[in-house]
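Enquirer: Sequence and predicted model, in that order:
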Amino acid sequence: MSFSVLGLTRNLHGISGILQLVFLLILLLLLFKVVQFYLCRQWLLKVLQEFPSTPSHWLFGHRMKDQELQYVLMWVKKFPSACLQWLSGSQPRVLVYDPDYLKVILGRSDPKASGIYRFIAPWIGYGLLLLNGKKWYQHRRMLTPAFHYDILKPYVRIMADSVNVMLDKWEQLDGQDSSLEIFQHISLMTLDTIMKCAFSHQGSVQLDKNSRSYTKATEDLNNLTFYRMRNAFYQSNTIYNLSPDGRLLHHACQLAHEHTERVIKQRKAQLQEEGELEKIKKKRHLDFLDILLFARLENGSSLSDEDLRAEVDTFMFEGHDTTASGISWIFYALATHSEHQQKCREEVQSLLGDGASITWDHLNHMPYTTMCIKEALRLYPPVPSVSRELNTPVTFPDGRSLPKGIMVTVSIYGLHHNPRFWPNPQEFDPCRFALDSDRHSHAFLPFSGGARNCIGKQFAMNELKVAVALTLLRFELLPDPTRIPVPMARLVLKSKNGIHLHLKKISK
Ligand code: HEM
């Protein structure tokens, strides 16, 4: 008995000794982290001293909730060319919004800023948007033919069909007094379009009641990813995955991936059908998904399943959420400027009559409508910012410089509201884009610039034009003064309270 009591005491001593050791190790680790944080912050404060900033918290950085764009407007007025935003106490980024600064950054080949873009990877994987270096170059070269003129031309008909499905639905709602939240409808419509154009999908997701789960998942992923980028505690994967937000993200990713996997499976099954392969062989250029399915890399191997899925996830997201944001904000801008809306309508009416046969050739003959679309893209850029991580030091035209490793964010929203280049920046004035108007080559960049510009730019502009033209032929757009949208920064520009408009059917 006395022997076992002695053994137990020894064991307890042993356990408490181990606990003490573990406690000591944790303490040392914490101390190490604190010293590391302190030294890193001191270094950052020193190297970034030429870039001004408003006061921020030493650990949490600038806490702006959903006011980030409003802060950007204030900074653009207060600090010429560039300023500093602290995402957390040890993660600053230099915001640039001067065309000469942008020209320098977009002319270099710095990689995407891993500090924030890595948080998008669980959702869209390493496709064209997130890839860097040689692999990015190979994929860009492989996918560029999917946006060739010959491919884009017949898409105009598909775009028009999708818009008309949405407008038919809106006609059935005609007569209701309350305004309509248009973003949800438009994102289903743009999803329908990209599914048909890029993924050869048959049938309409607008008429399928389950499709909303993908657009809802996109909305959740946009919010969750954006919060994660700005939360000091969510930087570690282990902590984030255990948090409630981490679990929500996991669920939303699953929903989004189920959708894209279904699309890949369906196309593979179609290609097994007789005749389908023959049709493809005759084509000079393949549609997006077919390029991926038939891809042979330089070493002769085919694209891995993971790479293929990443590209499909990337294009499914980029190809519909950005255009949905663009079209929704253009509609809002036209609703609040009825004189410009009417001028566009008259232009479209004289060009298209009833709009039944809109084609590629029409799209270059709506100059006033195009000016209005561009002015709306200036005021409400669908992608508010893009970020890079400097791989070598940089010196800007005014002599200020930054060392390697710093995150630089091109604030497209800031650039487009910079009063030095856009007088009265908040005013909607399509004449800024008149043919004879003069402006800096880098003052208007909704699709970014340089080698990493938007691959879907032409596709997007066509879709915006088709949507605006066909909608104005059938509806008058009116604002809802009780629900004025509030722009909110996300990966893609959103409104805090949705975009509500009244729609009035035009009698023929
Ligand atoms: C109004 C609509 C659109 C806007 C404003 C827009 C804007 C942009 C911007 C600013 C970038 C640069 C992102 C960065 O550097 O981080 C980008 C890249 C990209 N966009 Fe778009 N986009 C639009 C529509 C589309 C569409 C319709 C597609 C596909 C069909 C698309 C596919 C992509 C892809 C794959 C990239 C990455 C390109 C690369 O890095 O090589 N976008 N877009």
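Expert: On my side now, so go ahead.

Enquirer: tell me which strands and helices the lowest-mean-pLDDT helix or strand in the chain is in contact with?
Expert: Sorting the helices and strands of the chain by mean pLDDT, DSSP states H and E puts helix 276-282 at the bottom, at a mean of 78. In terms of contact count using 3 or more CB pairs under 8 Å, 6 or more residues apart in numbering; DSSP states H and E, helix 276-282 is assigned the packing partners helix 244-272. C-beta: built from backbone N, CA, C; applies to glycine.

Enquirer: Off-centre distance for the helix it packs on?
Expert: Distance, stretch centre to chain centre, for helix 244-272: 19 Å (CA atoms, centre = their mean, to the nearest Å).

Enquirer: ditto for stretch 272-288
Expert: On CA atoms, centre = their mean, the centre of stretch 272-288 falls 31 Å from that of its chain.

Enquirer: Also stretch 237-252?
Expert: 21 Å.

Enquirer: what do you get for stretch 324-342?
Expert: The chain centre lies 20 Å from the centre of stretch 324-342; the measure is CA atoms, centre = their mean.

Enquirer: can you pull the buried residues of that stretch?
Expert: 324-337, 340-341 (16 or more other CB atoms under 10 Å).

Enquirer: ok, and of the residues you listed, which contact the ligand?
Expert: Filtering the buried residues of stretch 324-342 for proximity to the ligand by CB under 6 Å from any ligand atom leaves residue 326.

Enquirer: what sits against the residue of the chain found nearest the ligand?
Expert: Closest to the ligand within the chain is residue 456: 2.3 Å, counting by CB to the nearest ligand atom. By CB atoms under 8 Å, 6 or more residues apart in numbering, the contact set of residue 456 is 147, 315, 318, 319, 322.

Enquirer: As JSON lines, those residues with pLDDT and distance to the ligand would be great.
Expert: What follows is the contacts of residue 456, written out as JSON lines (pLDDT from 0 to 100; distance: CB to the nearest ligand atom, whole Å):
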{"residue": "147", "pLDDT": "95", "distance to the ligand": "8"}
{"residue": "315", "pLDDT": "97", "distance to the ligand": "5"}
{"residue": "318", "pLDDT": "97", "distance to the ligand": "4"}
{"residue": "319", "pLDDT": "97", "distance to the ligand": "3"}
{"residue": "322", "pLDDT": "98", "distance to the ligand": "4"}
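
Enquirer: So which of these wins on neighbours?
Expert: Greatest neighbour count in the contacts of residue 456, by other CB atoms under 10 Å, goes to residue 315: 25 neighbours.

Enquirer: That residue touches residue 195, doesn't it?
Expert: No - if you go by CB atoms under 8 Å, residue 315 and residue 195 don't touch, sitting 10.4 Å apart.

Enquirer: what's the burial count for the residue lying closest to residue 401 once chain neighbours are set aside?
Expert: The shortest distance from residue 401 to any non-neighbouring residue, by CB to CB, 6 or more residues apart in numbering, is to residue 395 (4.2 Å). For residue 395, the neighbour count with other CB under 10 Å is 10.

Enquirer: how far away is residue 395 from residue 100?
Expert: Counting by CB to CB, to the nearest Å, the gap from residue 395 to residue 100 is 12 Å.

Enquirer: What parts of the stretch 101-250 of the chain come near the ligand?
Expert: Within the stretch 101-250 of the chain, the positions near the ligand by CB under 6 Å from any ligand atom are 128, 129, 140.

Enquirer: need the contact list for residue 85.
Expert: 53, 61, 62, 71, 75, 92, 93, 95, 409.

Enquirer: let's see it at 7 Å
Expert: Residue 85 sits next to 62, 92, 93, 95 when contact means CB atoms under 7 Å, 6 or more residues apart in numbering.

Enquirer: For the residues you listed, which single residue is the most surrounded?
Expert: Going by other CB under 10 Å, residue 95 tops the contacts of residue 85 with 28 neighbours.

Enquirer: Give the helix, strand or coil label for it.
Expert: Three-state assignment for residue 95 (DSSP: H, G, I helix; E, B strand; the rest coil): strand.

Enquirer: That one against residue 413, yeah?
Expert: No - Residue 95 is beyond contact range of residue 413, at 9.7 Å (criterion: CB atoms under 7 Å).

Enquirer: follow-up on the earlier one: kindly indicate the member of the residues of the stretch 101-250 of the chain next to the ligand with the most neighbours.
Expert: Within those, residue 129 tops the neighbour count with 24 neighbours, counted by other CB under 10 Å.

Enquirer: Pretty sure it sits against residue 318.
Expert: Yes - if you go by CB under 7 Å, residue 129 and residue 318 touch, sitting 6.2 Å apart.

Enquirer: show me where the stretch 51-200 of the chain has strands.
Expert: 82-88, 91-96, 180-181 (DSSP state E, counting those that start in this stretch).

Enquirer: in its sheet, what does the longest one sit against?
Expert: Take DSSP bridges as the rule and strand 82-88 pairs in its sheet with strand 91-96 (antiparallel).

Enquirer: Does the partner strand reach the ligand?
Expert: No - under the criterion of CB under 6 Å from any ligand atom, strand 91-96 makes no contact with the ligand; the nearest approach is 13.4 Å.
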